[in-house]
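> let me see the structure of the following:
(one chain, ligands or ions: 1)
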Amino acid sequence: MKYKRVVVWFRNDLRVHDHAPLFSAIELSEEVIPIYCVDPRQFGKSILGMDKTGSYRAKFLKEAVDNLKASLQKLGGNLIILQGKPEDVITEFAVSNSVEAIFYSEEVTDEEIRVEQKLEKNVWKYGIRTEAYWQSTLFHIQDLPFPISQLPEVFTQFRKECEKFSRIQKTLATPKFIKFPDLGGNYKDFPELSTFGLKEPTSSVKSVLVFKGGEEEGVRRLQTYFWEQDLLKVYKETRNGLLGADYSSKFSPWLALGCLSPRYIYEEVLSYEKDRKKNQSTYWLIFELIWRDYFRFICKKHGNKVFQLAGIKNAVDNWNKSEERFWKWAIGETGIPFVDANMRELNETGFMSNRGRQNVASFLVNDLNIDWRWGAAYFESMLIDYDVCSNWGNWLYVAGVGNDPRENRYFNILRQAQNYDKKGDYIRHWIPELSAIPGFDIHQPFELSTSKLKEYGIALGATYPQPMVKYKAWI
Ligand SMILES: Cc1cc2nc3c(=O)[nH]c(=O)nc-3n(C[C@H](O)[C@H](O)[C@H](O)COP(=O)(O)OP(=O)(O)OC[C@H]3O[C@@H](n4cnc5c(N)ncnc54)[C@H](O)[C@@H]3O)c2cc1C
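Numbers count the residues shown, from 1 in each chain. Here you go, the predicted model:
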């Protein structure tokens, strides 16, 4: 039986390649209506009054939705952009446009699941069916060699069992044509950022990359990184870098919004291994994508625990609630150059390297002992690659309340800075005022004393305060 008219509700899957709900809708229905819904709750406030979606993220999202619309139009379709709670506005739309079913991509965390459930409840009253599809991971949930309730708590075990007993399904073909009904033609665009009270962010020339949302840009980045610049073969050696576009793939923003499918990346790695080179680096990119899978499945297994202070481990700790300390960390004014440089990069671009994230997160939770959820909420607001599972999962890990077999993930920031930013180029890139000090040794923290900074005319307080905590390793 074919449906007459199906809605494909796009969420964090803003692409036309390897898209299960779209692929199925085209197979199973005479007419297909793609919809994106701008949910006002995503633009509300979170902990400490932070924007849930900050301006870098919002801009990237708008670009991705605009690009999806253009791609669908090229296929003869279109994208209906609705504003409001999906469970209400999609129901209204479906009822008034004689829609028979709604296809969408299944999510794993609480807020998203609740929306799915409410939508389902609302539309079923009108006899409209819903079909949820699993996508966004490398390994399909049905192909896991264990049920979710038995998911190994340790990453290595998860990875080894998946690699041995599972398989990665082939990508689905990109549709050639979408039969879109005539709905009167007055279709809205994604709202301007000012609608949400957000300013249009300016892109910093110091950014590792000019990030632009959308499938087209995501695919272009992959072509550049793999094929034009031939960087995949050295990924394992460079991936801990801090400066420039080349040290890592930078796929994360496109993966987070589903502009790139991980299975597409996997197939490109296989082609690269066949045509160019197969080595530890080519494998390592897949290894990292398995980490991404792992956090998604862990969130599915543990539900709301991943957002709770005691985490998966139910670990009770005395977390500090000093807002002053937290905001100094957030704006990059702790006085610890490596931490501040990373936070300034985040604040000026919406991106930070993995090495940076691990260090600033460890500093917040292990040195400042601040409630780790504040840090996670700040990242949620700021990161253009914000992914609920990767973000909260990694924070749990660093905070020691996740499922890490290692007891202590403490990072010695000073040693990390010496190892990964030997000459201090990264610190100087983001805190150029430090270069004003002749002969300043970035790795001699006592040089950062108030008197030294004053001596060289570096403004205190507003731009660079005295270290607010005596960092353990300096004593
Ligand atoms: C505290 C903290 C918060 C984080 N928050 C996020 C987040 O919100 N969104 C996000 O995508 N990543 C997050 N990460 C993981 C990681 O830092 C980024 O995925 C990575 O820096 C993105 O850069 P890249 O695409 O160049 O990565 P590459 O090194 O090129 O890796 C390729 C891909 O593998 C995946 N990956 C790599 N490392 C991890 C990891 N540790 N966990 C999960 N996936 C990984 C990403 O999808 C990435 O794009 C976080 C890490 C930490 C420590």
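> now the top strand by length along the chain: mean pLDDT?
For the chain, the strand that runs over the most residues, judged by DSSP state E, is strand 29-38. For strand 29-38, the mean per-residue pLDDT is 98.
> same thing with stretch 286-294?
Here the average pLDDT along stretch 286-294 is 98.
> roughly how far is it from the heart of the chain?
13 Å (CA atoms, centre = their mean, to the nearest Å).
> in that stretch, what's buried?
For stretch 286-294, the buried set under the neighbour-count rule, 16 or more other CB atoms under 10 Å, comprises 286, 288, 289, 290, 292, 293, 294. C-beta here means a position set from N, CA and C on the backbone, and glycine is covered the same way.
> and stretch 115-133, by the same measure?
Those would be 115, 116, 119, 120, 122, 123, 128, 130, 131, 133, for stretch 115-133 by 16+ other CB under 10 Å.
> what sits against the first one?
This points to residue 115. 39, 85, 86, 87 (CB atoms under 8 Å, 6 or more residues apart in numbering).
> now with 6 Å, please.
Listed by CB atoms under 6 Å, 6 or more residues apart in numbering, the contact set of residue 115 reads 86, 87.
> let's number from 48 now, not from 1
OK, 48 is where the count begins now, so the last one is residue 162.
> circling back: could you point out which element follows the longest strand of the chain?
Following strand 76-85 in sequence order, the next helix or strand is helix 102-121 (DSSP states H and E).
> pull the CA atoms of that following helix into PDB?
Only the C-alpha atoms of helix 102-121 are listed here, as PDB (Å, rounded to 0.1, in the frame of the first residue of the first chain):
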ATOM      1  CA  SER A 102      24.500  33.100  18.000                       C
ATOM      2  CA  TYR A 103      27.300  31.000  16.400                       C
ATOM      3  CA  ARG A 104      25.200  27.900  16.600                       C
ATOM      4  CA  ALA A 105      22.000  29.600  15.400                       C
ATOM      5  CA  LYS A 106      23.800  31.100  12.400                       C
ATOM      6  CA  PHE A 107      25.200  27.700  11.400                       C
ATOM      7  CA  LEU A 108      21.800  26.100  11.800                       C
ATOM      8  CA  LYS A 109      20.100  28.800   9.700                       C
ATOM      9  CA  GLU A 110      22.700  28.200   6.900                       C
ATOM     10  CA  ALA A 111      22.200  24.400   7.100                       C
ATOM     11  CA  VAL A 112      18.400  24.800   6.900                       C
ATOM     12  CA  ASP A 113      18.700  27.200   4.000                       C
ATOM     13  CA  ASN A 114      21.000  24.800   2.200                       C
ATOM     14  CA  LEU A 115      18.600  21.900   2.700                       C
ATOM     15  CA  LYS A 116      15.800  24.000   1.300                       C
ATOM     16  CA  ALA A 117      17.900  24.700  -1.800                       C
ATOM     17  CA  SER A 118      18.800  21.000  -2.200                       C
ATOM     18  CA  LEU A 119      15.200  19.900  -1.900                       C
ATOM     19  CA  GLN A 120      14.100  22.500  -4.500                       C
ATOM     20  CA  LYS A 121      16.700  21.200  -6.900                       C
END
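> mind listing residues that contact the very next helix or strand once past that helix?
Counting by DSSP H and E, the element after helix 102-121 in chain order, helix or strand, is strand 127-130. For strand 127-130, the surrounding residues in contact (CB under 6 Å, 6+ apart) are 82, 83, 84, 85, 136, 234, 235, 237.
> let's see that with 10 Å instead.
54, 56-57, 80-87, 112-113, 115-116, 119, 135-137, 139-140, 144, 227, 230, 234-238, 242 (CB atoms under 10 Å, 6 or more residues apart in numbering).
> buried set for that strand?
Going by neighbour count (16+ other CB under 10 Å), the buried part of strand 127-130 is 127, 128, 129.
> roughly how far out does the helix or strand following it sit from the chain middle?
Remark: after strand 127-130, the chain's next helix or strand is helix 133-143, criterion DSSP H and E. Put simply, helix 133-143 sits 28 Å off its chain's centre (CA atoms, centre = their mean).
> for the residue lying closest to residue 403 once chain neighbours are set aside, what are its contacts?
Leaving aside its chain neighbours, residue 403 sits nearest to residue 389 (3.7 Å; criterion: CB to CB, 6 or more residues apart in numbering). Residue 389 sits next to 289, 379, 383, 399-400, 402-408, 410, 460, 464, 468, 473-474, 477 when contact means CB under 10 Å, 6+ apart.
> just those: which are in helices?
With DSSP state H as the criterion, helices contain 402, 403, 404, 405, 406, 407, 408, 460, 464, 473, 474, 477 from among the contacts of residue 389.
> with adjacent residues omitted, what lies nearest to the third one?
If you skip the residues right next to it in sequence, residue 404 has residue 441 as its closest partner in space, 7.1 Å away by CB to CB, 6+ apart.
> can you check the pLDDT for the one you found?
Looking at residue 441, its pLDDT is 97.
> again, but for the one 4 residues further on
According to the predicted model, the pLDDT of residue 445 comes to 94.
> ok, back up a step: packing partners of the host helix or strand of the residue nearest to residue 404?
Taking DSSP H and E as the criterion, the element that holds residue 441 is helix 435-446. Helix 435-446 is packed against helix 157-171, helix 299-303, helix 327-349, helix 401-409, helix 419-429, with contacts defined by 3 or more CB pairs under 10 Å, 6 or more residues apart in numbering; DSSP states H and E.
> export that helix as PDB, just CAs?
Once non-C-alpha atoms are left out, helix 435-446 reads as follows in PDB (Å, rounded to 0.1, in the frame of the first residue of the first chain):
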ATOM      1  CA  VAL A 435      23.700  16.600  23.000                       C
ATOM      2  CA  CYS A 436      25.200  13.100  23.400                       C
ATOM      3  CA  SER A 437      28.800  14.000  22.500                       C
ATOM      4  CA  ASN A 438      28.700  17.000  24.700                       C
ATOM      5  CA  TRP A 439      27.100  15.800  27.800                       C
ATOM      6  CA  GLY A 440      28.800  12.400  27.400                       C
ATOM      7  CA  ASN A 441      32.300  13.900  27.300                       C
ATOM      8  CA  TRP A 442      31.500  16.200  30.200                       C
ATOM      9  CA  LEU A 443      30.400  13.300  32.300                       C
ATOM     10  CA  TYR A 444      33.600  11.600  31.500                       C
ATOM     11  CA  VAL A 445      35.800  14.500  32.400                       C
ATOM     12  CA  ALA A 446      33.800  15.200  35.600                       C
END
